[in-house]
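> Pasting the sequence and the predicted model now:
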Amino acid sequence: MKKLRKAVFPVAGLGTRFLPATKAVPKEMLTVVDRPVIQYVVDEAREAGIEHFIFVTGRNKGVIEDHFDIQFELNETLKDRGKTEQLDLLDGMQPAAGTTSFTRQQEPLGLGHAVWCARDLVGDEPFALLLPDMIMQAEPGCMAQMAELYRETGGNVIGVQECDPAEAHKYGIVGRGEEKGAGFRITGMVEKPPKGTAPSNLYINGRYILQPTIFDILETQERGAGNEIQLTDGMLKLEKEEPFWGFHFTGEVYDCGSPEGFVEANVAIAMRKKELKARVVETVERLR
């Protein structure tokens with residue numbers, strides 16, 4: 001079993017649900033309290049032991065690359081002003097030289113296509129896939145817990161969570177089989193099953209550990225829902241050849257791909273900060 005070293009972040013989306021805010025600013029760079037959404041997701045991957053961070057970008061996403069680069073002028077200004085706390089914060093978030101890679105998804109052909117665009121950078125290794133809209137809060141983080149399960153099981157690992165059974169038809173749902181450590185064997189996957197037919201109420205939550213064999217499948221994958229190349233369709237084929245394991249995540253999840261989830265994330269994370277909690281509670285109560 002090969003070590004999990006690399007992670008892929010598909011960040012080419014247009015963010016149309018946040019227009020006009022995302023006309024010039026990538027949705028992944030919208031800030032939740034004091035840092036952009038993508039920073040939370042990269043921090044989660046780093047905690048899981050990821051060494052190489054691969055971003056699948058699109059047009060007008062150069063600011064993401066700049067964010068993960070050193071800004072010498074800013075650092076010198078902070079040093080001159082004695083802002084050591086801010087300098088230490090930036091240093092702690094800075095990826096080491098040569099550990100970030102960027103590739104383009106020239107056309108918006110779906111998540112499966114975005115993953116396939118990273119094939120040469122991933123190579124013949126397992127890789128983590130983290131959807132950048134999802135901020136997950138737990139100790140240890142979701143991907144760190146999934147990486148531990150991967151070390152126990154090998155194969156492919158998918159993060160799942162419970163949803164209201166009445167809402168299962170809106171998600172990709174997995175079937176639950178035998179228990180294995182902190183996870184379970186996935187007995188099947190169904191994308192948006194008709195009402196009343198879902199094998200469980202466990203939906204795929206945007207965290208994956210996949211084997212590189214998925215790239216061969218995605219290369220010839222036909223377009224599916226939305227006329228896009230769907231990752232789930234590729235995983236359904238891979239499931240016939242390799243085992244899939246599910247990790248039941250029980251922490252907090254904020255879907256920052258929607259305005260309501262983005263606002264919820266800001267409120268929840270601000271309330272975890274001592275210096276902000278009282279003011280946030282006061283403001284929410286006043287505006288109710």
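Structure received.

> which stretches of the stretch 51-200 of the chain have low pLDDT?
Nowhere does the stretch 51-200 of the chain drop to pLDDT under 70.

> Would you map the helices across it?
All helices of the stretch 51-200 of the chain, identified by DSSP state H, counting those that start in this stretch, fall at 62-67, 72-80, 84-93, 111-116, 119-122, 142-153.

> Buried deepest among those helices, which one?
Most buried of the helices of the stretch 51-200 of the chain, by mean neighbour count (mean count of other C-beta atoms under 10 Å): helix 111-116, with a mean of 24. All C-beta spots, glycine's among them, are computed from the backbone N, C-alpha and C.

> Against which helices or strands is that one packed?
When contacts are defined as 3 or more C-beta pairs under 8 Å, 6 or more residues apart in numbering; DSSP states H and E, helix 111-116 sits against strand 6-10, helix 213-219, helix 231-238.

> Now render the ones you listed as a markdown table, adding mean pLDDT.
Below are the helices and strands packed on helix 111-116 laid out as a markdown table (pLDDT from 0 to 100):
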| stretch | mean pLDDT |
| --- | --- |
| strand 6-10 | 98 |
| helix 213-219 | 95 |
| helix 231-238 | 90 |
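
> Can you add distance to residue 80 and give these back as CSV?
Listed next are those as CSV, based on distance: least, C-beta to C-beta, whole Å:
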stretch, distance to residue 80
strand 6-10, 34
helix 213-219, 48
helix 231-238, 47
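
> can you list the domains in this structure?
For the chain, automatic domain parsing gives the domain ranges 6-257, 258-288.

> who does the residue lying closest to residue 210 once chain neighbours are set aside bridge with?
If the residues on either side of it in the chain are set aside, residue 210 comes closest to residue 156, at 5.3 Å by C-beta to C-beta, 6 or more residues apart in numbering. For residue 156, the beta-bridge partners are residue 244 (DSSP bridges).

> Based on its surroundings, how many neighbours for residue 68?
Using other C-beta atoms under 10 Å, residue 68 is surrounded by 17 other residues.

> didn't it look like it was pressed against residue 97?
No: Residue 68 is beyond contact range of residue 97, at 11.1 Å (criterion: C-beta atoms under 8 Å).

> one step back: I'd like to know which of the helices and strands packed on helix 111-116 is closest to residue 60.
Among these, the nearest to residue 60 by C-beta to C-beta is strand 6-10 (15.5 Å).

> Cheers, nothing more for now.
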